[in-house]
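J.: Sequence and predicted model, in that order:
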Amino acid sequence: QVQLVESGGGLVQDGGSLRLSCAASGSILSINDMGWYRQAPGNEREMVASITRGGSTKYADSVKGRFTISRDSAKNTVYLQMNSLKRGDTAVYYCNANAIAKPTYFASDYWGQGTQVTVSS
């Protein structure tokens, strides 16, 4: 199985920056796409950013130009650099990885436990 552990959330003022990290561990054979999602109270979970194994990225329109996703494949880690944060970015941020791992040997989606990001005015 695969475990995802997020870190880096917290409280930041409007216009500030935070960097989230997510490390994958377990019986991993390979990791395909990795990404970040977020869920604000009363809202559905939404994709924030994703990155393929080859480094191609996608972003939600609401974060383009402010957030940057990156990964270190050697460390099975994905990062989300968040700049110019707004109150609307307040949410629980979840890490996602599509990985092939023992004992199933087929690709499955795995999720972290979530990390709270709060942007205050």
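T.: Cool, got the structure.

J.: what secondary structure does the residue in the chain sticking out farthest from the centre sit in?
T.: Most distant from the centre of the chain: residue 103, at 24.6 Å, with distances by Cα atoms, centre = their mean. At residue 103 the chain is in coil, as set by DSSP: H, G, I helix; E, B strand; the rest coil.

J.: Send over the helix or strand containing residue 34 as CSV, restricted to the C-alpha atoms.
T.: Element membership for residue 34, per DSSP states H and E: strand 28-39. Provided in CSV are the C-alpha atoms of strand 28-39 (Å, rounded to 0.1, in the frame of the first residue of the first chain):
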residue,chain,number,x,y,z
ILE,A,28,5.6,1.6,-4.2
LEU,A,29,6.6,0.3,-7.6
SER,A,30,6.0,3.5,-9.6
ILE,A,31,4.0,6.8,-9.3
ASN,A,32,2.2,8.3,-12.2
ASP,A,33,0.4,11.6,-11.7
MET,A,34,0.6,13.5,-8.4
GLY,A,35,-1.5,16.4,-7.5
TRP,A,36,-3.1,18.7,-5.0
TYR,A,37,-6.8,19.1,-4.3
ARG,A,38,-8.6,21.3,-1.8
GLN,A,39,-12.0,21.4,-0.1
